[in-house]
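Here is my input; please provide its structure:
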Amino acid sequence: MNKVIKILLIVVFSLTALLLLVTLLASPVAKSYINHHSEQLIGRRAELQRLRINPLGGRVKLCKLTIYENDGTSPFMAIDTFDVKVRLRALLHRELNVRHLVISGLKATIIQNGNQFNFASIIDHFSSDDTTEVDTTASKPWDLGFYNIRLSHCKLRYNDVQRGSKWDVKDINLEVPGVYFSGRKKTNAGLNLSLADGGELGIQLNYNIESNDFDLGLNIASFDLANAKPYCDDFVRLSALKGKLDASFQATGNLSHLLNMTLQGTLTIVDLSAYDIEREPFASVARLHVDVNDIDLGTNRFNISKISIEGLDAVYTQTVSSSNFARLTVPKEAAEATDSTATPIETQTADSASKQPMQLLIKSFLLTQSSFTYNDLTLPDPFRFPITNMELSATDVTLSSTNTAHFKATLPGNGRATIDWRGRIDNWKESQHIDLAIRNLKLQQLSPYSVAYLGQPFTDGTFSFSSQTVVQHSLLNSENHIDMYRPEVGQRRKDVDSALHIPLKAALYVLKDKDDRVVIDLPISGNLRDPKFSYMKAVWQTLRNLLVKVTTSPIRAIGNSLGMKSDELDFIDMDSTQTEFTSKQYYQMDQLAKLLQSDTSVLLILEQQLPSPANEAQLERTEALNQKVKQHMSELGISDRQLIVRNATEQPKRPRAGYTISSQLRPDRAQ
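Numbers count the residues shown, from 1 in each chain. Reported below is the predicted structural model:
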């Protein structure tokens, strides 16, 4: 018996000594093997300073591990400490149970060049060329559990060579209580990290691998938008993007149906500035805030509680060849290249969204303390028009129903503008109602356009404009009212070939009333479905017709504005043989005298129609009648400067006894 006990003690002692020896030798042997055979193990050169292995406890601890790039000299990844402990007994039950996994001081550099990454060779090294399928139906599947995962003080650098994008992420701190791949529990993971350029990122994830349900919380603080600029280049061309982003969102859904995900949260951007490819600023925002009540990507529903924009400052500059907004457009070739590289998820998103019409609701939209500058450099004189103190408010904005909005702003020279809008967004040609009012705008502000189109600049005057525009079923009806006080124009510009050659100064003289006002009503109508229809073209055409009418027949223009009949302004029936004027003839001459007195810039021409051929006696009678008409008009206060009474030089085929009435602007007032 004693002999048996003695043998057992010797065996136990020997086994214990062997285990101790294996434990002591495992670490240095494994360390040496790793340092000398790293390329066979992972396909890259690696250096390990210290290794501790506890076979009995299932624990491995590596210290100061460096893995190099393919060149063998540039570091790819370095780890201060890698500590992992595995429950060995669980392996007997086909379960990998990692009790803890700690990585400290990780430093890694990821380089992307197109579709290639600098770690691709490591993945390729572990890829097997054996395509034989492994039958796993007869064996029990492995349960995988990773507990107490911790990353601390880690740093990550990302460099996209083609896009020129560089991201530095520092102080990555990750704590995951457990990640389970057995379908029996939920994963709960938390990530907190700091960005090198400032900003914090926090992620909290709950995930059930059996159902694929997830609940993701995302918090971003002071994220520098300059980091996102390279990824905007696929959609808009910018030279620089600045600003800070704060966001807090909660996303819930299922990975098997990712497009059915729902979102809630808030987003805030401050000090946003965007520059075009010419390095010119085109838009900036002091603060943009969005409250998302509910976004359901599966049903394409967007329920936004609030959108508020403060301090928007935008600039639109039109040049002969292009505009600063056109420079933002990505070339067609680049856009097609981007579309061709879309991932399956991106394609799926687009296809799914197209199946459902967008349901949009914005409960409140508010724009305050904003400005917009319009620059037109296509004119002989550059036009600059800043609009300041812009405010826009709207509630319950939708795509499929009638919306209302109110806008007001300050114009140059303390002018004012207001717009009240009621209409649809989805099919805007079906229903629109717009009330526009402009008050106290200095006409000098519009001089670049008056020079370009009419050849003369405005030198004085105040301009007001009101418009009521209604669109129903693509038919537009617009009532426009122009009110100008004391409009004055300068000399015609000889260096400008204006679009319209009209004596603007003379036209204004005709149009002015006794209070030095010009009041014009411009009705505009048309079919919006007609590709040739243009609202601004119709406005200018109407103005042109009015000015031509005024300058070629001022008496008719003035008379029509006062409600006189057209036939009273065309002809005076009068026979050279009559000795006295009739009551109608007296009335017509009195009305013409009043019109001439109301505007002294008009020259009235009365031409007596002669019988053909006319004998000497008839000519004497017509001349006597001319003198009699001139005498009566003189008694009414009309001087020779405003009146010409003569015989017609050309006779119609069927002459009519009397005077044809025509008018023009006095030569001394026509320029």
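
can you give me the helices in the stretch 151-300 of the chain?
Listed in chain order, the helices of the stretch 151-300 of the chain (DSSP state H, counting those that start in this stretch) span 229-232.

in it, which spans are strands?
Applying DSSP state E, counting those that start in this stretch to the stretch 151-300 of the chain gives strands spanning 165-180, 186-195, 200-208, 213-224, 240-254, 257-275, 281-296.

Going by mean pLDDT, which of these comes out lowest?
Sorting the strands of the stretch 151-300 of the chain by mean pLDDT places strand 186-195 lowest, at a mean of 60.

Test my guess that G43 contacts D124.
Yes. Assessed by CB atoms under 8 Å, G43 is found in contact with D124 at 7.3 Å. In this view, the C-beta of every residue, glycine as well, is placed from N, C-alpha and C.

Please identify the helix or strand for N303.
Using DSSP states H and E, N303 falls within strand 301-310.

Please disregard the earlier target; I meant Q40.
helix 2-42.

shaky segments in the stretch 401-550 of the chain?
Residues of the stretch 401-550 of the chain meeting the criterion pLDDT under 70: 503, 506, 509-510, 514, 531-550.

rerun at 80
When residues are selected by pLDDT under 80, those of the stretch 401-550 of the chain lie in 499-515, 529-550.

what's the neighbour count on Q642?
19 (other CB atoms under 10 Å).

More neighbours: which of G43 and D124?
More neighbours surround G43 than the other of G43 and D124, with 16 against 9 (other CB under 10 Å).

so what's that one up against?
121-122, 124-126 (CB atoms under 8 Å, 6 or more residues apart in numbering).

Kindly recompute the last result at 6 Å.
Applying CB atoms under 6 Å, 6 or more residues apart in numbering, we find G43 in contact with 121-122, 125.

what mean pLDDT would you report for stretch 657-666?
Averaged across stretch 657-666, the pLDDT comes to 79.

centre of the chain versus it, how much separation?
57 Å (CA atoms, centre = their mean, to the nearest Å).

and if you look at stretch 277-288?
Using CA atoms, centre = their mean, the offset of stretch 277-288 from its chain centre is 12 Å.

Could you check that stretch and say which residues are buried?
Across stretch 277-288, burial judged by 16 or more other CB atoms under 10 Å covers 281-288.

Just the residues contacting that stretch, thanks.
Identification of contacts with stretch 277-288 by CB under 6 Å, 6+ apart yields 237, 239, 269-270, 272-276, 309-315, 324, 327.

at 8 Å instead, please
Outside of stretch 277-288, the residues within contact range by CB under 8 Å, 6+ apart are 237-240, 243, 267-276, 307-317, 324-325, 327-328, 369.

helix or strand for T462, which one?
In this assignment (DSSP H and E), T462 forms part of strand 458-472.

partners of that strand in the sheet?
Here strand 458-472 has these sheet partners by DSSP bridges: strand 431-442 (antiparallel), strand 475-489 (antiparallel).

Angles on the backbone of the residue nearest the centre of the chain, please.
Centroid check for the chain by CA atoms, centre = their mean gives F325 as the closest residue, at 9.1 Å. Here the main-chain torsion angles of F325 (degrees, to the nearest 10) amount to phi -70, psi -30.

Pretty sure it sits against Y316.
Yes. Using CB under 8 Å, F325 is in contact with Y316, at 6.1 Å.

So which residues of the stretch 501-650 of the chain form strands?
Using DSSP E, counting those that start in this stretch, the strands of the stretch 501-650 of the chain run over 517-527, 571-573, 602-608, 643-647.

Dump those into TSV; add distance to I110 and mean neighbour count as well.
Listed next are these as TSV, based on distance: least, CB to CB, whole Å; neighbours: other CB atoms under 10 Å:
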stretch	distance to I110	mean neighbour count
strand 517-527	58	15
strand 571-573	91	16
strand 602-608	83	21
strand 643-647	91	17
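
Break this protein down into its structural domains.
Listed by automatic domain parsing, the domain ranges of the chain are 229-378, 413-552, 561-669.

Just tell me which of these ends up closest to I172.
I172 sits nearest to domain 229-378 of all the domains of the chain, at 18.9 Å, using CB to CB.

That closest one: end-to-end distance?
End-to-end distance of domain 229-378 (CA to CA, to the nearest Å): 31 Å.

next one: it to chain centre, how far?
Relative to its chain's centre, domain 229-378 lies at 8 Å (CA atoms, centre = their mean).

Flag the shaky bits of the stretch 251-400 of the chain, pLDDT-wise.
Counting by pLDDT under 80, the stretch 251-400 of the chain contains low-confidence ranges at 255-260, 330-356.

ok so, going back, CSV for the domains of the chain, including distance to N173?
Output for the domains of the chain, formatted as CSV (distance: least, CB to CB, whole Å):
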stretch, distance to N173
domain 229-378, 19
domain 413-552, 46
domain 561-669, 80
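
from memory I203 sits against D215, does it?
No. In this structure I203 lies outside contact range of D215 using CB under 8 Å: 11.5 Å.

T73 - that's part of a helix, no?
No. Counting by DSSP: H, G, I helix; E, B strand; the rest coil, T73 is not part of a helix but coil.

Now it. Its backbone dihedrals?
phi -120, psi -30.
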